[in-house]
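S.K.: sequence below, structure please.
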Amino acid sequence: MARDTHSTVLASATKAASYNMVLQLFFRGLTFSLNAFVLRYVSKEMLGVVNVRLTLLYSTTLFIAGAAFRRACLSKTADKDWTQVINLLWCTVPIAVICAASLATIWMLVLEQPDLMITSRYSIGVLCFSVSTVLEMLAEPLWVVGQALLFVKLKVIIEGTAILSRCIVTVIMVVFFPTWGLVGFSIAQLAFTLVYISLYYAYFMWYVYNHAKKDDDFPFNSFRNFFPQFSPGKPWFSSSLVSLTWTFFKQGFLKQILTDGERYVMTIFGTLNFGDQGIYDVINNLGSLAARFIFLPIEESGYLFFSQTVSRDVPVKEQNKESFALATRVLESLLKVVTLIGFTIMAFGYAYSYLLLDIYGGILLSSGSGPMLLKWYCVYVLLIAVNGTTECFVFAVMSKKDLDRYNHKMLVFSLLFVSSSWYLTTKLGSVGFILANCLNMLARIIHSIYFIQNLYKNSEYGPLKGLIPSLPVLLAFVGAFVLTVFSEMSFCCDQGWHYQLVHVSIGAVCLLMVAVTLFLSEKRLIAFVREQYDLRKAKSKPE
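M.R.: Residues are numbered from 1 along each chain as shown. Now for the predicted structure:
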């Protein structure tokens, strides 16, 4: 019976992960299209105020008020008193009120204010985004219940609908009410929040009154149970749950700084004006598409594979030889794949950054610092690729002691990132953020390479060879880079679409040249891919 329960939970969790992936694709694709449209109607300064300053207010408040509560209350829910869980979750509302009020005061009275030429309604924007966070906390108990009881489609449908509502309202406001400025974005944010909480309340009211009595696993028999109430003979809160919440808050604090590090540096130190902040945010979102859709799935799948084939706290010589040899070969192949993808983006991204930004955002992005930012981001993508793959292996095989040590090293990496971000942006402008990210990634890559080398130092394996493409492939990348840069200088991008088409055609020919060279030169990688394909094909055949 227990085994069946665990199987059901696993199946539901897998299904939830799939739906979350769909939501991410939907969100990224919708945001990508929306930005391309909205960019033609708003100024870069407005983008900086909304996407950096106000979004940071929103994300910081949600983190302080709710993130730790979510993680704590989702832990071992079957062993908890749901009344105490709900009571604790409603603490997020007063915390959100205090946090939103405090941050709103700082945002309006302490931080640098946008020029009146950018927006004369900055205080309204701060107020609306602050109110949005407080209102969103009203649905927090319902969100946790939905996640804990594995209502797998609910989160995707509600958040997707709310995001779509915000997108539609944003488009309507910038097209038909352009003079409203920041008020339009504020209304769109409030629309998102109202749709979000309304759908959660409507769904659970419907579910309680129609299905609660038929569902034995549903712990609530009345909608009143979703609100705070006294449980006879028990304290208002579970002390262990409160302690767990505080632990999760401390763990998440560093992650929050790393996640929104650039925004904090921009906002607190004022290293960039609002126009440069807006451009940087768009370039950052555009450049991160490869990391989100290509490297992240590889990293997650790699971690799962390595954690199942390599034993922690076991020396190389004592590992299962067959499993360890396969893990080593997979690591080498993954490193080769992500390195080749990274080199491709870096080699071709330089010559096509201007054209891409011109198509995507018009003169707003293609003029000024935009193309140079994207060119440097192409270098950063290569480092992201290598770091993600090396770290997924390192985290899968590290001992518990090594993992604890790494948490302290992450603090050092964070301090390196924040300090280098501040210094480099004061000297180089928005490019400094990308260079700071590059330094952070390089430091982490060096740490991972050092760990892997020590792991394999007394063995015959050498998976780090995957980091270096073959000489013919490197020459092909260099040739493609030179030819496409020459093509950009000759045909792009102010001589009409005919010349732009020639520039794109030259890039396509160079890409084909690289692909053919890769196929002929990287024989070890091609052989491994074929072997795995044949193996999977053989397993899929019916016996």
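
S.K.: what's the neighbour count on M410?
M.R.: 15 (other C-beta atoms under 10 Å). Quick note: C-beta positions are derived from backbone N, CA and C, even for glycine.

S.K.: kindly report the same for W236.
M.R.: For W236, the neighbour count with other C-beta under 10 Å is 12.

S.K.: next one: the closest residue to it other than its chain neighbours from F237, what distance?
M.R.: Leaving aside its sequence neighbours, W236 sits nearest to N87 (C-beta to C-beta, 6 or more residues apart in numbering; 5.5 Å). Going from N87 to F237 by C-beta to C-beta, to the nearest Å gives 6 Å.

S.K.: before we move on, back to that, quick one: the helix or strand harbouring the residue nearest to W236 to chain centroid distance?
M.R.: Secondary structure assignment for N87, by DSSP states H and E: helix 82-89. Put simply, helix 82-89 sits 30 Å off its chain's centre (C-alpha atoms, centre = their mean, to the nearest Å).

S.K.: state the mean pLDDT of that helix.
M.R.: Regarding helix 82-89, the rounded mean pLDDT is 87.

S.K.: next one: stretch 231-239
M.R.: Rounded mean pLDDT across stretch 231-239 is 77.

S.K.: what of stretch 281-296?
M.R.: Stretch 281-296 comes out at a mean pLDDT of 79.

S.K.: list the buried ones in it?
M.R.: Using 16 or more other C-beta atoms under 10 Å as the test for burial, stretch 281-296 gives D281, V282, I283, N284, L286, G287, S288, A290, I294, F295, L296.

S.K.: helices - which of the residues you listed land there?
M.R.: With helices defined by DSSP state H, the entries of the buried residues of stretch 281-296 inside them are D281, V282, I283, N284, L286, G287, A290, L296.

S.K.: for the fifth one, list the residues it contacts.
M.R.: By C-beta atoms under 8 Å, 6 or more residues apart in numbering, the residues touching L286 are F32, L356, L357, Y360, L374.

S.K.: list the contacts for the second one?
M.R.: If a contact means C-beta under 8 Å, 6+ apart, then L356 has L286, L374 as its contacts.

S.K.: now swap in the fourth one and tell me
M.R.: Contacts here follow C-beta under 8 Å, 6+ apart; on that basis Y360 touches A36, L39, L286.

S.K.: please redo it, this time with the cut-off set to 7 Å
M.R.: Under the criterion of C-beta atoms under 7 Å, 6 or more residues apart in numbering, the contact list for Y360 reads A36, L286.

S.K.: state the pLDDT value of it.
M.R.: At Y360, the model reports a pLDDT of 83.

S.K.: and the third one, by the same measure?
M.R.: In this prediction, L357 carries a pLDDT score of 88.

S.K.: what is the burial count for it?
M.R.: Residues near L357, counting by other C-beta under 10 Å: 25.

S.K.: so which of the contacts of L286 sit within helices?
M.R.: Judged by DSSP H, the subset of the contacts of L286 located in helices is F32, L356, L357, Y360, L374.

S.K.: in a markdown table: those residues, plus distance to Y209.
M.R.: Below are the ones in helices among the contacts of L286 laid out as a markdown table (distance: C-beta to C-beta, whole Å):
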| residue | distance to Y209 |
| --- | --- |
| F32 | 40 |
| L356 | 52 |
| L357 | 52 |
| Y360 | 48 |
| L374 | 53 |
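
S.K.: got a list of what L340 touches?
M.R.: With contact taken as C-beta under 7 Å, 6+ apart, L340 is in contact with P469, L518.
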